[in-house]
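Participant: Structure for this input, please:
(one chain, ligands or ions: 3)
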Amino acid sequence: MNKDYSKYFEPSLKDARKRIEKETENISFTLEEKYIGIGIGLTYLIKTYGCQGNLADSEKIAGILDLLGFQEIDDESKADVLIFNTCCIRANAENRIYGELGRLKGLKKERPEMLICLCGCMPQEEVTIELLKNKYKQVDIIFGTHNIHMLPSYIYEAYQTRKRILEVYSMEGNIVEGVPIKRAHEKKAWVDIMYGCDEFCTYCIVPYTRGKERSRLPKDIINETIQLVKDGYIEITLLGQNVNAYQVKVENGNYTFANLLEDLAKTGIQRIRYTTSHPKDLDKATMDVMAKYPNIMPHLHLPVQSGSNQILKKMNRKYTKEQYLEKVNYLKSLIPDLALTTDIIVGFPGETDDDFKETLDLVEKAQFEGAYTFIYSPREGTPAAKFTNQVDPIISKERLLLLNKYINDGFARGNKRFEGETVEVLVEGFSAKNPQLLTGYTKHNKLVNFVGSKELIGNLVNVKIEKAYTWHLKGKII
Ligand code: SAH
Ligand code: SF4
Ligand code: F3S
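Facilitator: Ligands and ions are numbered 1, 2, ... in the order given. I've put the predicted structure just below:
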């Protein structure tokens with residue numbers, strides 16, 4: 001053991017895979033008195049990578065740092081505490097972060113008093129810890145996804161001892177309520193409803209980095225939403241790696257995702273979205289609730305991953321192409337104008353040309369209006385990384401390009417159907433590309449640009465769509 005570490009808890013993928021029957025504990029965030037004010041006069045910057053789960057976690061980290069007295073800034077070179085909230089879903093996600101860390105060596109030499117912290121999913125992997133120990137000595141504090149709430153103690157100790165702190169747990173994970181949240185938006189909020197994942201899709205690292213599936217209590221989620229409505233929020237997005245697995249035992253059975261969705265729709269929040277859904281667990285009750293309440297948005301992100309049953313089986317997805325389409329068709333029978341988006345992986349081990357054709361066929365049949373498409377990236381510790389018939393990267397790349405053509409056509413078609421229609425837009429701000437234009441999203445999650453004044457930001461407005469482009473719509477406010 002390296003004696004330079006004042007705290008020392010290393011991750012273990014083997015432990016992270018374990019799921020023992022242990023009741024999830026609900027614990028409350030508390031702040032010890034000695035930590036109060038440790039950030040006064042100091043600044044911080046958080047860099048966030050990966051999924052919405054990480055965006056939501058970063059809002060908690062910011063909430064904690066504000067509580068300690070730190071001030072948020074956007075100049076990395078001046079930050080006293082610089083935090084990387086990381087993602088390891090694919091190799092390229094990790095490589096980007098290593099690039100950034102490498103770049104910081106010089107800055108840390110110039111300003112040795114600054115604290116560089118690495119958290120999120122990367123430190124949950126053993127390989128990351130090895131690399132950090134040997135190559136990235138500029139990182140001062142390393143913690144994982146299970147112990148964000150302990151950040152005050154890590155910063156305090158780092159300042160006191162000037163030693164590297166490494167504390168990453170591979171346990172199943174608890175639920176921590178009451179962590180302060182500094183929300184990035186004033187009208188749109190993330191609301192965590194469950195943590196972790198028990199699906200173990202054979203390609204995926206998330207069940208190892210986020211621990212076991214565990215659901216927040218309904219009252220905590222409902223109260224958070226009621227407060228958001230009071231605070232003037234218009235839109236919430238419910239978050240979890242598999243929101244359809246949301247479940248809490250109650251006296252007379254189980255309280256499910258459909259129950260939660262319905263109770264939240266009744267809070268009066270104007271727009272509800274949720275992500276991510278698992279096709280196996282998306283049930284009829286949930287789809288019925290979606291159709292029943294106009295404040296649940298007519299957009300569903302339903303990752304399919306592949307259209308080949310052979311590949312779906314090897315991925316451990318537990319549904320077939322036909323079952324996927326059946327669910328989609330049922331939902332479309334209830335909500336005919338539904339916008340459907342998905343995630344697809346190409347080049348999964350053993351994927352043949354015929355398997356890929358099945359994926360293209362599914363894309364046609366499901367009429368996706370957008371997708372995140374990826375080349376399979378082996379993740380150490382996952383079963384698929386050991387599968388023997390890995391696909392030639394050149395072939396994977398060709399498949400990705402062809403798939404993207406299909407997906408882009410769907411994107412354009414999905415936008416085209418709104419030409420001439422009047423749509424409701426939640427105005428987010430001025431477009432980064434063209435500061436003359438306001439920008440926001442419709443109920444169907446389509447991006448709209450239009451001319452308008454600053455006062456409209458944060459409001460719901462009606463826009464008549466004049467022209468559809470592949471990636472956005474253009475219209476006039478009415
Ligand atoms: N829980 C969500 C999101 C998981 S991560 C879900 O089940 O869909 C987001 C997406 O990344 C996945 O849907 C999948 O398409 C992709 N992904 C996950 N692991 C991957 C890997 N090893 N290689 C390539 N893409 C991957
Ligand atoms: Fe990963 Fe599958 Fe869980 Fe999604 S459902 S996080 S892809 S293991
Ligand atoms: Fe990445 Fe972790 Fe999310 S690996 S996609 S940040 S759960």
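Participant: how about the helix or strand harbouring Val229: buried residues?
Facilitator: Using DSSP states H and E, Val229 sits in helix 218-230. Residues of helix 218-230 classed as buried: 218, 220-222, 224-225, 228 (neighbour count, 16 or more other C-beta atoms under 10 Å). For glycine as for every other residue, the C-beta is placed from the backbone atoms N, C-alpha and C.
Participant: same question, stretch 159-171
Facilitator: Quick answer for stretch 159-171 (16+ other C-beta under 10 Å): 164-171.
Participant: which one of these is nearest Pro383?
Facilitator: Among the buried residues of stretch 159-171, Ser170 lies closest to Pro383 (C-beta to C-beta), at 17.8 Å.
Participant: Quick one: list the elements packing against the helix holding Val229.
Facilitator: strand 188-192, strand 235-239, helix 257-265 (3 or more C-beta pairs under 8 Å, 6 or more residues apart in numbering; DSSP states H and E).
Participant: Check what contacts that helix and list those residues.
Facilitator: By C-beta atoms under 8 Å, 6 or more residues apart in numbering, the residues outside helix 218-230 that reach it are 177, 189, 191, 193, 236, 238, 248, 255, 259-260, 263-264, 267-269.
Participant: What is the nearest of the residues you listed to ligand 2?
Facilitator: Looking at those and their distance to ligand 2, the nearest is Ile193, at 14.6 Å (C-beta to the nearest ligand atom).
Participant: wouldn't that closest one be in contact with Val243 here?
Facilitator: Yes. Using C-beta atoms under 8 Å, Ile193 makes contact with Val243 at a distance of 6.1 Å.
Participant: any common contacting residues for the two?
Facilitator: Shared contacts of Ile193 and Val243, defined by C-beta under 8 Å, 6+ apart, are found at 257, 274.
Participant: So Lys476: helix, strand or coil?
Facilitator: strand (DSSP: H, G, I helix; E, B strand; the rest coil).
Participant: which among the buried residues of stretch 159-171 gets closest to Lys137?
Facilitator: For the buried residues of stretch 159-171, the nearest to Lys137 is Arg164 (7.8 Å; C-beta to C-beta).
Participant: what about the closest one, distance to Tyr8?
Facilitator: Per C-beta to C-beta, to the nearest Å, Arg164 is found 9 Å from Tyr8.
Participant: returning to what we had before: could you dump the helices and strands packed on helix 218-230 into JSON lines and include distance to ligand 3 and mean pLDDT?
Facilitator: Conversion of the helices and strands packed on helix 218-230 to JSON lines gives the following (distance: least, C-beta to the nearest ligand atom, whole Å; pLDDT from 0 to 100):
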{"stretch": "strand 188-192", "distance to ligand 3": "12", "mean pLDDT": "98"}
{"stretch": "strand 235-239", "distance to ligand 3": "10", "mean pLDDT": "98"}
{"stretch": "helix 257-265", "distance to ligand 3": "19", "mean pLDDT": "98"}
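Participant: isn't there a helix covering Leu166?
Facilitator: No. Assessed by three-state DSSP, Leu166 does not belong to a helix; its assignment is strand.
Participant: Wait, it touches Val139, no?
Facilitator: No. Counting by C-beta under 8 Å, Leu166 does not reach Val139; the two are 9.1 Å apart.
Participant: what sits in contact with each of the two?
Facilitator: Common neighbours of Leu166 and Val139 (C-beta under 8 Å, 6+ apart) are Leu132.
Participant: State the number of residues packed around Glu455.
Facilitator: 8 (other C-beta atoms under 10 Å).
Participant: wait, is it part of a strand?
Facilitator: No. Assessed by three-state DSSP, Glu455 does not belong to a strand; its assignment is helix.
Participant: show me what contacts it?
Facilitator: Contacts of Glu455 by C-beta under 8 Å, 6+ apart: none found.
Participant: what sits against Lys464?
Facilitator: Going by C-beta under 8 Å, 6+ apart, Lys464 touches 420-422, 475-478.
Participant: please redo it, this time with the cut-off set to 6 Å
Facilitator: 422, 475-476, 478 (C-beta atoms under 6 Å, 6 or more residues apart in numbering).
Participant: and if you look at Tyr35?
Facilitator: Neighbouring residues of Tyr35 by C-beta under 6 Å, 6+ apart: 152, 156.
Participant: Skipping its backbone neighbours, what lies nearest Thr43 in space?
Facilitator: Among residues not flanking Thr43 along the chain, Ile73 sits closest, at 4.5 Å (C-beta to C-beta, 6 or more residues apart in numbering).
Participant: what ranges do the helices span in the chain?
Facilitator: Assigned by DSSP state H, the helices in the chain fall at 13-17, 52-68, 91-103, 105-110, 126-134, 151-161, 206-210, 218-230, 257-265, 284-292, 309-314, 321-334, 353-366, 393-416.
Participant: Out of those, flag the one nearest ligand 1.
Facilitator: Within the helices of the chain, the stretch nearest ligand 1 is helix 206-210; the backing value is 5.7 Å (C-beta to the nearest ligand atom).
Participant: ok, residues contacting stretch 155-171?
Facilitator: So stretch 155-171 is contacted by 4-9, 11-12, 15-16, 35, 38, 115, 123, 140-144, 146-147, 154 (C-beta under 6 Å, 6+ apart).
Participant: picking that back up, min pLDDT across the buried residues of stretch 159-171, which one?
Facilitator: Ranked by pLDDT, the buried residues of stretch 159-171 bottom out at Met171 (77).
Participant: do you know how far that residue is from ligand 2?
Facilitator: Distance, Met171 to ligand 2, using C-beta to the nearest ligand atom, to the nearest Å: 18 Å.
Participant: Buried ones among the contacts of stretch 155-171?
Facilitator: 5-7, 9, 11-12, 16, 35, 38, 115, 123, 140-144, 146-147, 154.
Participant: re the thing from before, which among the contacts of Lys464 gets closest to ligand 2?
Facilitator: Closest to ligand 2, out of all of these and judged by C-beta to the nearest ligand atom, is Gly475, at 35.1 Å.
Participant: Could you work out the most separated pair of the contacts of Lys464?
Facilitator: Spatial extent of these (C-beta to C-beta) is set by the pair Thr422 and Lys476 at 9.8 Å.
Participant: Show me which residues of the stretch 101-250 of the chain are close to ligand 3?
Facilitator: 120-121, 205-206, 209-210 (C-beta under 6 Å from any ligand atom).
Participant: Please name the residues that touch the spatially closest residue to Asn26 that is not a sequence neighbour.
Facilitator: Nearest residue to Asn26 in three dimensions, chain neighbours excluded: Ile175, at 4.9 Å (C-beta to C-beta, 6+ apart). Ile175 sits next to 24, 26, 214, 216 when contact means C-beta under 6 Å, 6+ apart.
Participant: Please repeat the previous calculation with a cut-off of 7 Å.
Facilitator: Applying C-beta atoms under 7 Å, 6 or more residues apart in numbering to Ile175 gives the contacts 24, 26, 195, 214, 216.
Participant: The first one - nearest residue in space that isn't next to it in sequence?
Facilitator: Right, the one you point to is Thr24. Nearest residue to Thr24 in three dimensions, chain neighbours excluded: Arg214, at 4.2 Å (C-beta to C-beta, 6+ apart).
Participant: Thank you, goodbye.
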